[in-house]
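Engineer: no letters, just coordinates:
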C-alpha cells in the first residue's frame with residue numbers, strides 16, 4: 001500500500017522545534033572509528049607520503065560521513081508519526097505486528113552506508129515493553145529481514161493511547177544494534193534512542209487505521225519527515 005502524497009521532508013515548519021542535542025555532530029558511537037582511521041592515515045602520510053595515505057584518508061572521510069549525527073527540526077503536528085531513521089521507504093503495507101499480535105500498517109526505512117544512522121523516536125510516548133532477538137544478517141532491504149535478522153523492538157504508547165512498535169533491524173554488514181531505551185521510559189518525538197552500525201533497517205508498525213504520507217521509494221530523514229498520521 002502506498003500514498004500518492006510525497007513526504008513532508010526537510011521543509012521548514014513554523015510549528016517545528018529543534019531537538020535537544022546530546023552529542024557533538026559526530027555520534028559518540030563513531031568516535032573510536034573516526035579516531036583510529038584518522039590516526040592511521042596521518043601515520044602513513046607521515047611515513048610514506050600522501051600517495052600511500054590517500055586510501056586511508058578516504059576511509060577516514062567515510063567514517064566521518066557515516067557517523068555524522070546532525071540535529072533535526074521536529075514537526076509538532078500531534079498525530080504525526082516521524083521517520084525514525086534516514087534512508088528510503090522500502091515497504092508501506094498492511095501486515096501483522098509480531099510483537100503486539102495485531103493487524104497494523106507497516107512502514108519500513110532502509111538505511112544504506114551513506115545515510116546518517118542515529119535512530120530517533122517517531123512519537124511522544126511511554127515505552128511499555130522492549131525486546132531483543134538474536135538472528136541472522138540478511139540484506140536489510142529484503143522483507144524477510146523483518147522476522148529473521150537480529151533486531152531490537154520498542155512498544156511505545158502515545159498519550160492518546162495509540163500503540164506504535166519501532167523495530168531496529170541489523171543488515172548484511174550491520175552487526176551491532178545499539179538501543180538505549182528501556183521499559184517505563186518516556187520518549188519525546190525526535191529523541192535519539194539508538195544507533196545501528198553500517199547499513200540497516202527500521203520497521204514501524206502503526207494502528208491499521210493510520211494514514212500513510214510517505215510512499216515506497218521516497219527518501220526520508222529522521223525526525224524531519226512525516227511517515228504517517230495516527231487515527
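Structural biologist: Yep, it's here. All values derive from a computational prediction rather than experimental measurement. Residues are numbered from 1 along each chain as shown.

Engineer: span of stretch 71-86 from start to end?
Structural biologist: With Cα to Cα, to the nearest Å as the measure, stretch 71-86 spans 13 Å from end to end.

Engineer: next, the buried residues of that stretch.
Structural biologist: 72-75, 80-86 (16 or more other Cβ atoms under 10 Å). For every residue, glycine as well, the C-beta is placed using N, CA and C.

Engineer: which residues touch the spatially most central residue of the chain?
Structural biologist: Per Cα atoms, centre = their mean, the C-alpha nearest to the average position across the chain is that of residue 85, at 2.6 Å. Contact analysis of residue 85 by Cβ atoms under 8 Å, 6 or more residues apart in numbering lists 109, 111, 115, 117-120, 202, 220, 222.

Engineer: swap in residue 115?
Structural biologist: 85-87.

Engineer: of the contacts of residue 85, closest to residue 45?
Structural biologist: residue 117 (27.7 Å; Cβ to Cβ).

Engineer: any idea how far the closest one is from residue 204?
Structural biologist: Separation of residue 117 from residue 204 (Cβ to Cβ, to the nearest Å): 16 Å.

Engineer: picking up where we left off before, single out whichever of the contacts of residue 85 has the smallest pLDDT.
Structural biologist: Lowest pLDDT of these: residue 117, 81.

Engineer: show me what contacts that residue?
Structural biologist: Contacts of residue 117 by Cβ under 8 Å, 6+ apart are 27, 66-67, 85-86, 111, 195-198, 200.

Engineer: just the buried subset of these, please.
Structural biologist: The buried subset of the contacts of residue 117 (16+ other Cβ under 10 Å) comprises 27, 66-67, 85-86, 111, 195-198, 200.
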